[in-house]
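[1] need a structure here:
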Amino acid sequence: MSVQGQTREKTRINIREPKHYRVVMHNDDFTTMEFVVEVLIDIFHKSVPEAERLMLMVHESGRAVIGAYPYDIAVTKVQTALGLAKEQGYPFRMTVEEA
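    Residues are numbered from 1 along each chain as shown. Predicted coordinates:
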C-alpha cells in the first residue's frame, strides 16, 4: 500500500527574546536617598543592600542603570516610580533607553 501525493511541510518558528531596555535613574539635589531606596525595593524588587548600593552609585556618578526589562515592563516601572515621586513632590527623574 503506497501513499501518493502526501508532502510534509516543515514549519520553522523563530522565537526571539523581546528586546530589553535599560531603566536609568538620574541624580538630583532634592529627592531623598530614603525615597530612592524605597523605590528600588518596592518597584524594582531590589534587596536592601543592592538598593543602597545603586542609590549611592546614582548619587556619586549622577546616574545608574537600575535594570533591563522588556519595553512595557520598563515603562510601567518608570511611570509608577515617577508617579510616586510626583505625589511626594520630588523632581525625581528616570529614563528608558534601548539596551
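
[2] Cross-check the contact I'm expecting between Met25 and Leu56.
    No - Met25 is beyond contact range of Leu56, at 11.6 Å (criterion: CB atoms under 8 Å). Backbone N, C-alpha and C define where each C-beta goes, glycine included.

[3] Looking at these two, which is more packed in?
    Met25 (25 against 14; other CB atoms under 10 Å).

[4] would you list every one of the strands in the protein?
    20-26, 63-70, 93-98 (DSSP state E).

[5] Could you list the paired strands of the longest one along with their orientation?
    Translated: strand 63-70. When pairing is defined by DSSP bridges, strand 63-70 lines up against strand 20-26 (antiparallel).

[6] measure the most centrally placed residue in the chain to Phe92 for me?
    The centroid of the chain falls nearest to Ala74 when counting by CA atoms, centre = their mean (3.8 Å). Distance, Ala74 to Phe92, using CB to CB, to the nearest Å: 16 Å.

[7] again, but for Ile43
    With distances taken as CB to CB, Ile43 is found 12 Å from Phe92.

[8] so what sits against both of these two?
    Ala81 (CB atoms under 8 Å, 6 or more residues apart in numbering).

[9] Those two: who's more crowded?
    Between Ile43 and Phe92, Phe92 has the larger neighbour count (other CB under 10 Å), namely 21 against 17.

[10] Once you drop chain neighbours, what's closest to that one?
    What sits nearest to Phe92 in space, not counting adjacent residues and going by CB to CB, 6 or more residues apart in numbering, is Ala85, at 3.5 Å.

[11] number of nearby residues for that neighbour?
    20.

[12] ok, it to Met25 distance?
    Counting by CB to CB - Ala85 and Met25 are separated by 11 Å.

[13] Mind putting the strands of the chain into TSV with distance to Glu50 and mean pLDDT?
    Below are the strands of the chain laid out as TSV (distance: least, CB to CB, whole Å; pLDDT from 0 to 100):
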stretch	distance to Glu50	mean pLDDT
strand 20-26	13	98
strand 63-70	10	97
strand 93-98	17	97
